[in-house]
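Asks: I'd like to go over a predicted model; first the sequence, then the structure.
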Protein chains: 2
Amino acid sequence: MEAKAFPMNGGDGAYSYTKNSQFQRASLNAAKDMIKEAIAENFDITCLNSDTIRMADLGCSAGPNTFIAMQNVLEAIVDSNQSSKEFQVFFSDHVSNDFNTLFTSLPPDRHYFAAGVPGSFHGRLFPKSSLHLVHSSSALHWLSEVPEELLDKSSVSWNKGRIHYTSASEQVATAYATQFAKDMDIFFSSRADEIAAGGMMILIMPALPDEVHHSKLPVGVPIPFLEQSLTEMVKAGSITEAQVDAFNLPVYAPTPTEMTRLVERNGCFKIERIELIDPRAKFDGPLDITTLIMHYRAGLEGILTKHFGSEIIDELFERTMNKLSSEISSQDEASDRKGSHLFLVLKRK
Amino acid sequence: MEAKAFPMNGGDGAYSYTKNSQFQRASLNAAKDMIKEAIAENFDITCLNSDTIRMADLGCSAGPNTFIAMQNVLEAIVDSNQSSKEFQVFFSDHVSNDFNTLFTSLPPDRHYFAAGVPGSFHGRLFPKSSLHLVHSSSALHWLSEVPEELLDKSSVSWNKGRIHYTSASEQVATAYATQFAKDMDIFFSSRADEIAAGGMMILIMPALPDEVHHSKLPVGVPIPFLEQSLTEMVKAGSITEAQVDAFNLPVYAPTPTEMTRLVERNGCFKIERIELIDPRAKFDGPLDITTLIMHYRAGLEGILTKHFGSEIIDELFERTMNKLSSEISSQDEASDRKGSHLFLVLKRK
């Protein structure tokens, strides 16, 4: 079964992911030198037994970050290996991703053959041992589905009045963690089938630092404000309480220790590197509330519209922005000092 | 440089290629048994030295014909070879093709990994020796560009008042033939790079029977009526004479002898089979004028709109349909008795 798909906003309009993904790009830039190192240390193309190096970006969205990411990876491979091999790059995302925009914005001066692969990374996407390098950035935090018990009134994990685990109980957080663990096991096993011996995987995703409580999730800062806005809108009558109770964001950010355990439990990959990074340090642009909210909107409008309808979106993000504007500075300080993203290098055993 | 792209009408609306491509599907059905035979006789996967069979459909459009075609090919391979190999199918067309529609309509029960490849087949699309079977149906007649001299007032090939070579002079037909020969040489050389030893190519395309004059081109029946309609519209003032003079359809249908010579001159492929087929015999639906014109519209609306603007399209096709209705029966009889399409099986030398 195809996992639930909530694509980033397509096209290249004001609210598009294409125009609102500088944060995600910052995490790529933060990782660029680390990718270079990881490839120099772990990726020997002479061992690959293939004339073509085949790479995939999973959760590529509609661009342009995916082009920058794959260019970084390709340059790192070319720099650390003397070779005349050809490259084929597979850009993969859900079937409902805007591949038309992706394809029309492919860099004209690229030194690789490009292909798009529609489908969920929570399952097989490629033939056996056909890939040499898999990259995924800002994508793995999407769960294949919302844990069922969050919607079950009789469960201790019923997530009434909330839309995520950030400001919820331990039981709710555990339900999310359990779903993420299941998803990752399928993800690692699928990739293990697809990645040839000697191949590697570079993963970048939102994370929670070890020893930090889930209510302080760095990338979750706007979520309580979104929840407050929804509660206000219930009171104002523009949505119902039941609609809010029935909605949960299917995204999860693991701790480094948690992710280490999941990789080891799966057993197909060896961890070459795992560490927290802070993309904010590499963000080149005004890091203001408007930018932050536009990013959230580009990423979440699809799933919010599907549940609540498109007519509430403007109001929801305006309310949330107003709240954030008056309260962000203190929140912001407390959040991602230890790093907000995980950088992970795995090698196929 | 990307060759000029004039995609079939996208989406799945009334004028879409998706809803108006039964003729093209008929040519696939006509070829189905021949494909089966060709694969049984010429395609030995045990010689391929690959765990994955990689196939491509070039000029796939937005579906659904491409799915039927690749399913036919895949079944033929599985039937004639005992094997547990996996299949990867690349659906390729111009960057401006509607890949979003293609991807969302992929058959859910497919037994292959699907990928989309944006770009022109008049050039490289895939890594060296990475493909085992290339298929192309109803696509190779598109030229990479209109021959320049058709637009040159000082040339004997100036195609004044006409939009194609069907009803034009020998010089105009020669200009088209020369462009087609250039395009095919690049096409064959590109595919020769991409197809592994032992790999094959199955091509189906509109053709002119040997010894038949180009004015009797089977697939060209509506063209003189389109030209007459445009001339009338010039007189009515809705378009200008200069606009008509500046427009030529970049499509060409070779004779079997001509195509044989082009394959041999290129030298990279051995002809296993070449023959004329008549898809009309396999057409399962009302073969009426409306259907014919809807097909023409789905295929040509893009290029006509780009040149003349969208506001003339309805009138142009209405006029053409009225003319065809009163004159088609005799034309139709005279046209494709010898077969209107070429079926070609080539093996990589």
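Replies: In hand now; what should we look at? Numbers count the residues shown, from 1 in each chain, chains lettered A, B, ... in the order given.
Asks: In contact with residue A:189, which residues?
Replies: A:266, A:268 (CB atoms under 8 Å, 6 or more residues apart in numbering or on different chains). The way it works is simple: take the backbone N, C-alpha and C, and place the C-beta from them, glycine included.
Asks: secondary structure class for it?
Replies: Under the three-state scheme (DSSP: H, G, I helix; E, B strand; the rest coil), residue A:189 adopts helix.
Asks: For the stretch 51-200 of chain A, which segments count as helices?
Replies: A:65-80, A:99-104, A:170-194 (DSSP state H, counting those that start in this stretch).
Asks: Just send these back as a markdown table, with mean pLDDT too.
Replies: Converted to a markdown table, those look like this (pLDDT from 0 to 100):
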| stretch | mean pLDDT |
| --- | --- |
| helix A:65-80 | 90 |
| helix A:99-104 | 96 |
| helix A:170-194 | 97 |
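Asks: if you compare the ones you listed, which one is most tucked away?
Replies: helix A:99-104 (a mean of 23; mean count of other CB atoms under 10 Å in any protein chain shown).
Asks: ok, it near chain B or not?
Replies: Yes. Looking at helix A:99-104 against chain B by CB under 8 Å from any CB of the partner chain, the contacts come from A:99-100, A:103-104.
Asks: Just list the residues touching whichever residue of the stretch 151-300 of chain A sits closest to chain B, thanks.
Replies: Taking CB to the nearest CB, chain B has its nearest neighbour within the stretch 151-300 of chain A at residue A:194, 9.2 Å off. For residue A:194, the contacting residues are A:124-131, A:134, by CB under 8 Å, 6+ apart.
Asks: filter those residues down to the ones close to chain B.
Replies: Within the contacts of residue A:194, those near chain B by CB under 8 Å from any CB are A:124-130.
Asks: Which members of these are the farthest-apart pair?
Replies: Farthest-apart pair in these is A:125 and A:129; separation 13.5 Å (CB to CB).
Asks: So for these two, which residue has more residues nearby?
Replies: residue A:125 (24 against 19; other CB atoms under 10 Å in any protein chain shown).
Asks: Is that one in contact with residue A:119, as I believe?
Replies: Yes. Residue A:125 is within contact range of residue A:119, at 4.9 Å (criterion: CB atoms under 8 Å).
Asks: can you list residues touching both of those two?
Replies: By CB under 8 Å, 6+ apart, the residues touching both residue A:125 and residue A:119 are residue A:92.
Asks: Okay, residue A:344 and chain B: tell me how far apart.
Replies: To chain B, residue A:344 is 25 Å away according to CB to the nearest CB, to the nearest Å.
Asks: Pull the number of nearby residues for that residue.
Replies: Neighbours of residue A:344 under the rule other CB under 10 Å: 24.
Asks: In which helix or strand does it reside?
Replies: Using DSSP states H and E, residue A:344 sits in strand A:341-348.
Asks: okay, that strand in PDB with CA atoms only?
Replies: Output of strand A:341-348 as PDB, limited to C-alpha atoms (Å, rounded to 0.1, in the frame of the first residue of the first chain):
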ATOM      1  CA  HIS A 341      19.100  18.100  12.800                       C
ATOM      2  CA  LEU A 342      20.700  14.700  12.600                       C
ATOM      3  CA  PHE A 343      23.500  14.000  10.100                       C
ATOM      4  CA  LEU A 344      23.800  10.300   9.500                       C
ATOM      5  CA  VAL A 345      26.200   8.300   7.300                       C
ATOM      6  CA  LEU A 346      25.400   4.600   6.800                       C
ATOM      7  CA  LYS A 347      27.200   2.000   4.900                       C
ATOM      8  CA  ARG A 348      25.600  -1.100   3.400                       C
END
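Asks: Just checking: what are the partner strands of that strand?
Replies: Under the criterion DSSP bridges, strand A:341-348 sits next to strand A:195-206 (antiparallel), strand A:269-277 (antiparallel) in its sheet.
Asks: circling back: just the buried ones out of the contacts of residue A:194, please.
Replies: By neighbour count, with 16 or more other CB atoms under 10 Å in any protein chain shown, those hold A:124-127, A:129-131, A:134 as buried.
Asks: Show me what residue of the stretch 201-349 of chain A gets nearest to chain B.
Replies: Closest point on the stretch 201-349 of chain A to chain B, by CB to the nearest CB, is residue A:302, at 14.4 Å.
Asks: Flag every residue of the stretch 201-349 of chain A that's near chain B.
Replies: Among all residues of the stretch 201-349 of chain A, none is adjacent to chain B (criterion: CB under 8 Å from any CB).
Asks: where do the helices sit along the stretch 201-349 of chain A?
Replies: Counting by DSSP H, counting those that start in this stretch, the helices of the stretch 201-349 of chain A are A:223-236, A:241-245, A:256-266, A:289-308, A:313-335.
Asks: now those helices as CSV including mean neighbour count, distance to residue A:144 and mean pLDDT?
Replies: Below are the helices of the stretch 201-349 of chain A laid out as CSV (neighbours: other CB atoms under 10 Å in any protein chain shown; distance: least, CB to CB, whole Å; pLDDT from 0 to 100):
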stretch, mean neighbour count, distance to residue A:144, mean pLDDT
helix A:223-236, 18, 20, 92
helix A:241-245, 15, 22, 92
helix A:256-266, 16, 15, 97
helix A:289-308, 19, 14, 84
helix A:313-335, 15, 25, 75
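Asks: ok so, going back, and which of the ones next to chain B among the contacts of residue A:194 is nearest residue B:237?
Replies: Using CB to CB, these come closest to residue B:237 at residue A:125, 55.2 Å.
Asks: Please report phi then psi for the closest one.
Replies: Note on residue A:125: its backbone torsions stand at phi -130, psi -20 [degrees, to the nearest 10].
Asks: what does stretch A:166-174 rub up against?
Replies: A:150, A:156-157, A:159, A:162, A:165, A:214-215, A:217, A:220, A:223-224, A:227.
Asks: typed the wrong thing, it's stretch A:25-44
Replies: A:65, A:68-69, A:72-73, A:75-77, A:79-81, A:132-133, A:137-138, A:198, A:200, A:202, A:204, A:272-273, A:277-284, A:341, A:343, A:345, A:347.
Asks: With stretch A:256-269 instead?
Replies: Residues outside stretch A:256-269 that contact it (CB under 8 Å, 6+ apart): A:177, A:180-181, A:184-185, A:188-189, A:191-192, A:201, A:207, A:209-210, A:254, A:271, A:274-276, A:342, A:344, A:346-349.
Asks: Stretch A:317-330 too?
Replies: Residues from elsewhere that reach stretch A:317-330 (CB under 8 Å, 6+ apart): A:221-222, A:225-226, A:228-229, A:232-233, A:289-290, A:292-293, A:296-297.
Asks: again, but for stretch A:223-237
Replies: So stretch A:223-237 is in contact with A:161-164, A:166-167, A:217, A:239-241, A:243-244, A:249, A:296, A:312, A:315-316, A:319-320, A:323-324, A:327, going by CB under 8 Å, 6+ apart.
Asks: mind running it again at 6 Å?
Replies: A:162-164, A:166-167, A:239, A:241, A:244, A:316, A:319-320, A:323-324 (CB atoms under 6 Å, 6 or more residues apart in numbering or on different chains).
Asks: Columns distance to residue B:25 on top of those residues, output as CSV?
Replies: Formatted as CSV, these follow (distance: CB to CB, whole Å):
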residue, distance to residue B:25
A:162, 52
A:163, 47
A:164, 48
A:166, 52
A:167, 55
A:239, 47
A:241, 52
A:244, 48
A:316, 46
A:319, 52
A:320, 50
A:323, 56
A:324, 55
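Asks: Would you check which pair of those residues lies furthest apart?
Replies: Across the contacts of stretch A:223-237 (CB to CB), the longest gap, 23.4 Å, separates A:241 and A:324.
Asks: Now do residue A:32 against chain B, distance only.
Replies: Distance of residue A:32 to chain B, computed by CB to the nearest CB: 25 Å.
Asks: need the helices of the stretch 201-349 of chain A in a markdown table with distance to residue B:261, can you?
Replies: Formatted as a markdown table, those follow (distance: least, CB to CB, whole Å):
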| stretch | distance to residue B:261 |
| --- | --- |
| helix A:223-236 | 68 |
| helix A:241-245 | 69 |
| helix A:256-266 | 58 |
| helix A:289-308 | 54 |
| helix A:313-335 | 61 |
